[in-house]
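Asks: model this:
(chains A and B)
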2 protein chains.
Amino acid sequence: MKLSDSGEFELIEKIKGMFPAPGGGIVKGIGDDCAVVESSGDRVMLFTTDVLIEGVHFTKDLIDPENLGRKALAVNISDIAAMGGKPLYAILTLGSPEYVEVEFIEKILSGINSLAGEFDIEVIGGDTALSPERLMLDIFLVGESGKDEVLYRSGAGAGQVVFVTGKIGSSAAGLDILKKGIKSEKFEPLVRAHIMPRPHQKEGNLIASSGLATSLIDVSDGMVSDLRHICEGSKVGAVIKEDDLPISEECRLYCGSYGIDTLEFALFGGEDYVLMGTVPEHMYYKLRDQMKSGGCAFFPIGRTRKEPGILLQDKSGEIKKVEVRGYDHFRFSEK
Amino acid sequence: MKLSDSGEFELIEKIKGMFPAPGGGIVKGIGDDCAVVESSGDRVMLFTTDVLIEGVHFTKDLIDPENLGRKALAVNISDIAAMGGKPLYAILTLGSPEYVEVEFIEKILSGINSLAGEFDIEVIGGDTALSPERLMLDIFLVGESGKDEVLYRSGAGAGQVVFVTGKIGSSAAGLDILKKGIKSEKFEPLVRAHIMPRPHQKEGNLIASSGLATSLIDVSDGMVSDLRHICEGSKVGAVIKEDDLPISEECRLYCGSYGIDTLEFALFGGEDYVLMGTVPEHMYYKLRDQMKSGGCAFFPIGRTRKEPGILLQDKSGEIKKVEVRGYDHFRFSEK
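Replies: Numbering: from 1, shown residues only, chains lettered A, B, ... in the order given. Okay, here's the model as predicted:
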């Protein structure tokens, strides 16, 4: 069977099966946003990696090299944030065709450097290699957290509130705008959401240190796809309320103007890099207030339930099953 | 300027300049086999990454998937060994074209898994992505060591003995044999040296814990190229004695049979993944004896000197300058 028939998630399941739950000081192996390893005392180290490949994750005509560098690091910071941790050290593998200008590479590095500075991350090593057709940026990020503060995909219980820490669908709308070559100042925030995603590290830290949330993930593949990770990891299902989905005015306006179903972007778009998690109902207001005091957005979007599967309650109140779709690298037809 | 005109080492110099020597708990940033970061007490953590790209570092017709997986991990273990450390955790980024068979990927993973088992390494995470034209295996390896035991490229003094922990040139000969499609049992050890390099972790540990050596590196780019890293890092030069170069019988036989200059492989071949280092002359015999008792090979190949540059004393006793050549990803003409 070819990878295109198997799909990425099946491959990851196979990988999980081949490298079974490790023991020793390893708190969490394959299967969450980061691997978690015991450090000294009650601290843990977090390890994550996310690769960006030209033509697959980005194209040079739609993103400038500085922002490409920033984004390569941002998606990794987002993984650390999704565990409630703090990023510390980055290691970079840079693959490049030989015809690429050194200045272009320097701009990528300068982008990485600038975001690293903003998040107090030290870039401490890496590897360079020829990648004949495509630029390739693979960043390995090391972070840390308190052992009891780390949040996993697997901690949600039934009947809990599902929340997100920011608007969803904007990044997908921004990509659509870029692809269509639409130039309009009013849609700039959407383009920025796609090109310059802000990792929600502050949000993740607040949520983790509150001790109130039961699970956390970042919205990278698409809201529904990522919610499925929480649901499957926690052995619950969820009902999402269409009316509660935080969708920006610009996104609604863009979708309205171009005859696009806003829900498509909000449910399946991905790359928003906001955080999504769960909190028991009786803790919900406490967490919401703490987030508000911290200056962080916080939106309830639904509720978990015992029964598996993800449902959507639409504006008319009707509840229907949501087919899980999201980015699968080996199945393009799905996107 | 394009990368092909600048070259890999110039690019790495640029990167070093952009991410200057970091402070805090970072003992060593960019510029050695691993980055070194303070851990608890007198321990340090080691971080390294090495990527293998199809058609650049390997071709599927010359290496089977199990051994490809093993080698992807082996080259990283070798980097940890070159600091005198012990590998602990691996994180894998796997990029693959969609037409690749799942079974092929499973064999790669199985190879990684088997070598990981031999070295007590836990594979704890990773990322998968579509890489449309080429398989790509990027492994991040985390290791550890005692802070005072770590060996760098930069510790060599003038007048010290340069040593290697195994034969050199065999891997390059093996690659040559594979490329030419020569099938001969007597050259099998050379092919194995290329396809199944053994990381010299035991050697690295012995050398580091002896406290006798002053510098250490692994022979990956080519002996002279890697010796240049020691020389430049330590601000010394070196004279290598042709007569002392440990070249296997098979390698000499192969080169003799096919009219190849053995020195070419030994000096510039690379990918032997033996260790090379320096030891003060009065410590040399002590270290040699310790290596012998540990069952490890140990060959003196020359001596460092104050004057920069790398010289070769040939069989007639004549001393000449060696032009540094080695694998540069962005300058193919050099190889």
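Asks: list the contacts of residue A:114.
Replies: Taking C-beta atoms under 8 Å, 6 or more residues apart in numbering or on different chains, we find residue A:114 in contact with A:66, A:69-70. Any C-beta I mention is one placed from the backbone N, CA and C, and that applies to glycine too.
Asks: got it, and residue A:115?
Replies: Residue A:115 neighbours (C-beta under 8 Å, 6+ apart): A:69-70, A:73-74, A:77, A:121.
Asks: now, which of these lie within helices?
Replies: Taking DSSP state H, the ones among those that sit in helices are A:69-70, A:73-74, A:77.
Asks: who wins for neighbours among those?
Replies: Among the ones in helices among the contacts of residue A:115, the one with the most neighbours (other C-beta atoms under 10 Å in any protein chain shown) is residue A:77, at 32 neighbours.
Asks: how much space is there between it and residue B:148?
Replies: Per C-beta to C-beta, to the nearest Å, residue A:77 is found 33 Å from residue B:148.
Asks: got a pLDDT number for the residue nearest to residue A:132 when sequence neighbours are not counted?
Replies: Nearest residue to residue A:132, sequence neighbours excluded (C-beta to C-beta, 6 or more residues apart in numbering or on different chains): residue A:97, at 5.7 Å. For residue A:97, the pLDDT comes out at 95.
Asks: so where's the stretch 201-335 of chain A uncertain?
Replies: For the stretch 201-335 of chain A, applying pLDDT under 70 flags the ranges A:325-335.
Asks: could you double-check that residue A:171 sits in contact with residue A:269?
Replies: Yes - with contact defined as C-beta atoms under 8 Å, residue A:171 counts as touching residue A:269 (6.2 Å).
Asks: hang on, the earlier thing: looking at the ones in helices among the contacts of residue A:115, which is nearest chain B?
Replies: residue A:69 (10.6 Å; C-beta to the nearest C-beta).
Asks: can you give me the strands in chain A?
Replies: Secondary structure of chain A (DSSP state E): strands at A:26-28, A:35-38, A:43-53, A:86-96, A:122-130, A:136-146, A:161-164, A:215-218, A:237-241, A:275-279, A:299-305, A:310-313, A:319-321.
Asks: so which of the ones you listed is nearest residue B:229?
Replies: Nearest to residue B:229 among the strands of chain A is strand A:122-130; the distance by C-beta to C-beta comes to 14.4 Å.
Asks: list the contacts of that closest one.
Replies: A:88-98, A:112-113, A:116, B:8, B:11-12, B:15, B:19, B:22, B:24, B:26, B:28-30, B:34-35, B:37, B:47-51, B:53, B:56-57, B:138, B:329-330.
Asks: are any of those buried, and which?
Replies: With neighbours counted by 16 or more other C-beta atoms under 10 Å in any protein chain shown, these contain buried members at A:88-98, A:112-113, A:116, B:8, B:11-12, B:15, B:19, B:22, B:26, B:28-30, B:34-35, B:37, B:47-51, B:53, B:56-57, B:138, B:329-330.
Asks: ok, back up a step: tell me the contacts of the residue nearest to residue A:132?
Replies: A:130-135, B:3.
Asks: any idea how far residue B:3 is from it?
Replies: 8 Å.
Asks: what of residue A:195?
Replies: 24 Å.
Asks: looking at the two, which is more packed in?
Replies: residue B:3 (23 against 20).
Asks: hmm, that one is touching residue A:94, no?
Replies: No - the criterion here is C-beta under 8 Å, and residue B:3 misses it with residue A:94 at 10.1 Å.
Asks: any common contacting residues for those two?
Replies: With C-beta under 8 Å, 6+ apart, residue B:3 and residue A:94 have common neighbours residue A:105.
Asks: need the per-residue pLDDT for residue A:21.
Replies: 69.
Asks: who in the stretch 51-200 of chain A is up against chain B?
Replies: A:51, A:53, A:55-57, A:89, A:91, A:93, A:95-103, A:105-106, A:109-110, A:113, A:122-134, A:136, A:138, A:140, A:142 (C-beta under 8 Å from any C-beta of the partner chain).
Asks: residue A:321 contacts residue A:311, correct?
Replies: Yes - the pair residue A:321 / residue A:311 is scored as a contact, 5.9 Å apart, by C-beta under 8 Å.
Asks: quick one, which of those two is more surrounded?
Replies: The neighbour count for residue A:321 versus residue A:311, taken as other C-beta under 10 Å, is higher for residue A:311 (16 against 9).
Asks: look at residue A:286 and say how many residues are nearby.
Replies: Close neighbours of residue A:286, defined as other C-beta under 10 Å, add up to 13.
Asks: can you tell me how far it is from residue A:210?
Replies: Distance from residue A:286 to residue A:210, by C-beta to C-beta: 8 Å.
Asks: equivalent analysis for residue A:38, please.
Replies: Applying C-beta to C-beta to residue A:38 and residue A:210 gives a distance of 23 Å.
Asks: more neighbours, those two?
Replies: A count of neighbours by other C-beta under 10 Å puts residue A:210 above the other of residue A:38 and residue A:210, at 18 against 14.
Asks: what sits against the closest residue to the more buried one other than its chain neighbours?
Replies: Nearest residue to residue A:210, sequence neighbours excluded (C-beta to C-beta, 6+ apart): residue A:290, at 5.3 Å. Counting by C-beta under 8 Å, 6+ apart, residue A:290 touches A:206, A:210, A:212.
Asks: swap the cut-off to 10 Å and go again
Replies: A:206-207, A:209-210, A:212, A:283, A:296, A:298 (C-beta atoms under 10 Å, 6 or more residues apart in numbering or on different chains).
Asks: among the residues you listed, who's most crowded?
Replies: residue A:207 (29 neighbours).
Asks: report how many residues lie close to residue A:297.
Replies: Residues near residue A:297, counting by other C-beta under 10 Å: 15.
Asks: quick one: it from residue A:282, how far?
Replies: Distance from residue A:297 to residue A:282, by C-beta to C-beta: 22 Å.
Asks: also residue A:196?
Replies: 37 Å.
Asks: between those two, which is the more surrounded one?
Replies: residue A:196 (16 against 10).
Asks: wait, residue A:19 touches residue B:90, no?
Replies: Yes - in this structure, residue A:19 is within contact of residue B:90 by C-beta atoms under 10 Å, at 9.2 Å.
Asks: right, and residue A:189 touches residue A:198 too?
Replies: No - contact criterion C-beta under 10 Å: residue A:189 and residue A:198 do not qualify, at 12.0 Å.
Asks: distance of whichever residue of the stretch 151-300 of chain A sits closest to chain B relative to residue A:265?
Replies: Here the stretch 151-300 of chain A gets closest to chain B at one residue, residue A:220, 10.9 Å apart by C-beta to the nearest C-beta. The spacing between residue A:220 and residue A:265, counted by C-beta to C-beta, is 15 Å.
Asks: okay, the two: which has more neighbours?
Replies: residue A:265 (28 against 23).
Asks: got the contact list for the residue sitting furthest away from the middle of chain A?
Replies: Within chain A, residue A:99 marks the point farthest from the mean C-alpha position, 32.0 Å out by C-alpha atoms, centre = their mean. Counting by C-beta under 10 Å, 6+ apart, residue A:99 makes contact with A:132, B:2-4, B:330.
Asks: all set, thanks.
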